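J.: sequence first, then the predicted structure:
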Amino acid sequence: MDNLTISASGTGRERSCDLSGGGALSGLRVLDLSNYRGQLCGRLLADMGADVIKVEPPGGDEARRIGPFADDLPHRDRSLFFWFYNLNKRSLTLDLRHPRGIELLLQLARGADLVIESFAPGTMSSMGLGWEALHAANPALILLSIAPFGQDGPYRDFDADDTVLAALGGMLYVNGWPGNAPVRPWGLQAYHSSAYYAAVATMCALFARDRDGAGQWIDLSMQEATAAAVEHVAGSYFGEGRVEPRRGTLHWSRYFRVGKCRDGYIMHCSLGDWTSLIQWVASDGKAQDLIAPEWQDVQYRAVHAEHLFDVLDNWVADYDRDELLERAQTLRLPYATVRNPEALFDDEQLQARGYFVEVEHPELGRKFRYPGAPYVFNAVYRRPPLTGEHTGEILRDELGLDAGELAALAAEGII
Amino acid sequence: MAGIGARLPLEGIRVLDFTWVVAGPVATRILADHGAEVIKLERKPGPLGSRQTGLQGDLHRGKRSIAVNMGTSRGVEIARRLAEISDIVIDNFSARVMRSWGMDFAALSQLKPDIICLSMSGLGHTGPRSNYVSYGPTLQALAGFTLLMADRKGEPAGYGYSYADMSGGYTGALAALMALWHRRRTGRGQFVDLSQFEAVVSVIGPALLDISVNNRVQPAPGYRSQELPAAPHGVYRCRPRGDDDDRWIAIAARSQAQWEGFVRAIESPPWTSDAKFRTLYLRMCNSVELDAHVARWAADQVAESAMARLQQAGVAAGVVANGADICAHDSQLQARNFWGSVPLPDGTTTHVTGIPMRLSATPGAIRTPAPVIGEANDYVLGELLGMSRAERDALIAEKAVWP
């Protein structure tokens, strides 16, 4: 494991360490065959020290074609989309349409703990890499299959992208203003929700393997993961028979709504110490009827949320949002500013905790700040792999191929 | 749910659970579904309504509950003795709370050297804002995620719910399992300091790289594809169902073959042969006009049949499902038995969110309904801590434990 570029950008707690110290998952070998739909899971594991080998077709994974690109120069080794999801992985190019490619993959599977794939259901089997073949090659191997609708059922062969999954998982319907079109969350949150469950499933399968000695096949449906990630929709339906509507920026619990200060938006919150809040509002002469005793009752505040937040909107209109935030937090009121993402790079809290990590891209002669892992563990960071960057070392070190064999495979276009 | 009777993968792992609200309980729910023994240490209930149905039923199923008064020294002593026989202690307080009880990692690792402590606080245990009070909706606002959900005018239009509680909960479950795995390999416990804020910042990762590498702030994308390019790509209003005019379909046509399938499925109206829609590039350049055509077509369609027709033609399409659609009508979720059900003590059954990961040999299982607070007092104090009935009664008399 060479080429490690490690540093913690913060001045606070040490978040990164030398890989020789070992991450929580060091020693774990993962073959990541997944495409842009499944690639976050491997990164979550790689951040914690698993050796994640991204297996790509010669020419590179499709995800490398998705922008934006560094300096807006489209190139397979400059996709920021690829970079974010493939930090800390190694890259092996291998043509899985070729029998020799399949043979090499099966050989690698003998030394691996986990194979991740996100092909359409049935594709792995048709390539000779189905569960039976992998299990025969290595009975301890875990196969993680991430598919839009899982491996069975009437939608099994349906196609979907993140937006279609967000629709069918119930994630879209509840966002946006009533009467207007549903609004989509930023980013690929159906894929993300699936990736978290996929990583958790992997860990569960590892514990089971430690006990039972055998690997198993994990069938992860992205539609189900999406449906599970919409906080309140199923609970309201099963608990109260209510179909949750869109409410604009009013949170379904009715305790939060976006308000507008002089210089931008804030998030109101009617939980927390109501007396402190209303004294403050009253001292500004803006409390109107909210000083009445019934507003002390938290459930009353929820029932009458529209009026409550209308009054508070009128109150915050004279404030700058940072001023409001600092004073609210001093009073232990859970207010927040609704910030632009670029504010995060100047965020003192993230800086102090070393959340952003500097990763060196030697071939570009530059370092970039990446979002790191959201927990302080022993995380390590190596920049995302160039296309096929580690093909030679993996096939040489893991499978004992010599220079002549590698040259032959390259000449045939298999690697 | 499959797997009743099979051995669960996390059997034998005991979790002492101090978490509350949503994110923490999501994390420990996932552990409980897969066999960990999760003991919630709770305060005496206020009038919060039923805990066994709806979201609360979802959050707490499969767990045990003990009602301990942490304001008493005997209560704290019980909690510390429980930590001693647990594998991991999970909380979502700010740093000072566990410390004030002598339940932080430094103190607990004296009692049990290989203990794992996972704290899932709002903004982490270190840094100038570690004492901020926060909830999921306020964290996603601070993270920039709320503002990225903007309508066409660029004004905030959501969130309707707290995704931050989900991202925080999932990363919490993952962090717990990775730390447990590390201990299994090395024999060492550790303190894991999870920031729910950082978890929700991470979900906008590619946008952050665009800022740090290109110095460019992405606008809210509307329905422009954020993965492989596609056109048409968006949601389109369909024909009302009864008096419900809030029916929509999401469509994503990426490849040329999908476009041709789309044209076939909508029976090739004349506009589809217009040269300005001939290639993906042209369709993206002319997407406003394209969307208007698709919207006119969709307005006449029943969302479910349009989805079926488009999928048959190979086009990614899906109904914008509401709560009733996903919980009661979606044939895929039904066929896979996604929704779980748990029998309640009163003889009724409640439905809960299922487990979206199927392990072929050791699948998770929804075992028991959410516990009434204090449901496991006798089990925990008697069986696990070996206290006699008289000792337990004394604790109740001292108000260290609520009956």
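T.: In hand now; what should we look at?
J.: contact partners for A:Tyr173?
T.: Residues in contact with A:Tyr173 (C-beta atoms under 8 Å, 6 or more residues apart in numbering or on different chains) are A:167, A:182, A:233, A:244, A:246, B:246, B:248, B:320-323. C-beta coordinates here come from the backbone N, C-alpha and C atoms, glycine included.
J.: show the pLDDT at B:Gly46.
T.: If you check B:Gly46, the pLDDT there is 59.
J.: circling back to that earlier point, any idea which of the contacts of A:Tyr173 is the one closest to B:Thr362?
T.: Nearest to B:Thr362 out of these is A:Val233 (C-beta to C-beta; 28.7 Å).
J.: most neighbours of all the contacts of A:Tyr173, which one?
T.: A:Ala167 (32 neighbours; other C-beta atoms under 10 Å in any protein chain shown).
J.: leaving out the residues flanking it, which one is nearest to it?
T.: Of all residues not flanking A:Ala167 in the chain, B:Ala250 sits nearest, at 3.7 Å (C-beta to C-beta, 6 or more residues apart in numbering or on different chains).
J.: the one you found sits in which helix or strand?
T.: strand B:248-252 (DSSP states H and E).
J.: that older thread, out of the contacts of A:Tyr173, which sit inside helices?
T.: A:167, A:233, B:323 (DSSP state H).
J.: isn't the first one right next to B:Ala321, touching?
T.: What it means is A:Ala167. Yes - here A:Ala167 reaches B:Ala321: they are 6.4 Å apart, a contact under C-beta atoms under 8 Å.
J.: tell me which element the most centrally placed residue in chain B is part of?
T.: The centroid of chain B falls nearest to B:Met166 when counting by C-alpha atoms, centre = their mean (3.3 Å). Assigned by DSSP H and E, B:Met166 belongs to helix B:163-186.
J.: and stretch A:204-218, is it in reach of chain B?
T.: Yes - using C-beta under 8 Å from any C-beta of the partner chain, a contact is recorded between stretch A:204-218 and chain B, made by A:204-208, A:210-212, A:214, A:216-218.
J.: how about that stretch, which residues are buried there?
T.: A:204-209, A:215-218 (16 or more other C-beta atoms under 10 Å in any protein chain shown).
J.: quick check: residues of the stretch 1-150 of chain A near chain B?
T.: Residues of the stretch 1-150 of chain A lying near chain B (C-beta under 8 Å from any C-beta): A:12-13, A:22, A:24-25, A:27, A:36, A:44, A:48, A:62, A:65-66, A:68, A:70-72, A:80-81, A:83-85, A:131, A:149-150.
J.: hmm, back to that, how about the nearest residue to the residue nearest to the centre of chain B, chain neighbours excluded?
T.: Closest to B:Met166 by C-beta to C-beta, 6+ apart is A:Ala229, at 4.7 Å.
J.: count of neighbours near residue 240?
T.: Here I'm looking at chain A. 12.
J.: ah, no, chain B please
T.: 12.
J.: quick one, phi/psi of it?
T.: Main-chain torsions, B:Pro240, degrees, to the nearest 10: phi -60, psi 150.
J.: wait, doesn't it sit right on B:Asp300?
T.: No - counting by C-beta under 8 Å, B:Asp300 is not a contact partner of B:Pro240; they are 11.1 Å apart.
J.: and A:Pro371, bridged to which residues?
T.: Note on A:Pro371: beta-bridge partners by DSSP bridges are A:Phe356.
J.: check contacts around it.
T.: Contacts of A:Pro371 (C-beta under 8 Å, 6+ apart): A:84, A:355-356, B:201-202, B:205, B:208-209.
J.: mind listing the helices for the stretch 1-150 of chain B?
T.: Ranges of helices in the stretch 1-150 of chain B, per DSSP state H, counting those that start in this stretch, are B:23-33, B:54-60, B:73-84, B:95-100, B:105-111, B:136-142.
J.: now the stretch 251-400 of chain A
T.: Under DSSP H, counting those that start in this stretch, the stretch 251-400 of chain A gives helices at A:274-283, A:298-303, A:305-316, A:321-330, A:348-352, A:391-399.
J.: averaged pLDDT, the second one. What do you get?
T.: What that stands for is helix A:298-303. On average, helix A:298-303 scores 96.
J.: what does stretch A:212-220 contact?
T.: Contacts for stretch A:212-220 (C-beta under 8 Å, 6+ apart): A:131, A:135, A:138-147, A:150-152, A:194, A:197-198, A:201-202, A:205, A:208-209, B:7, B:356-362.
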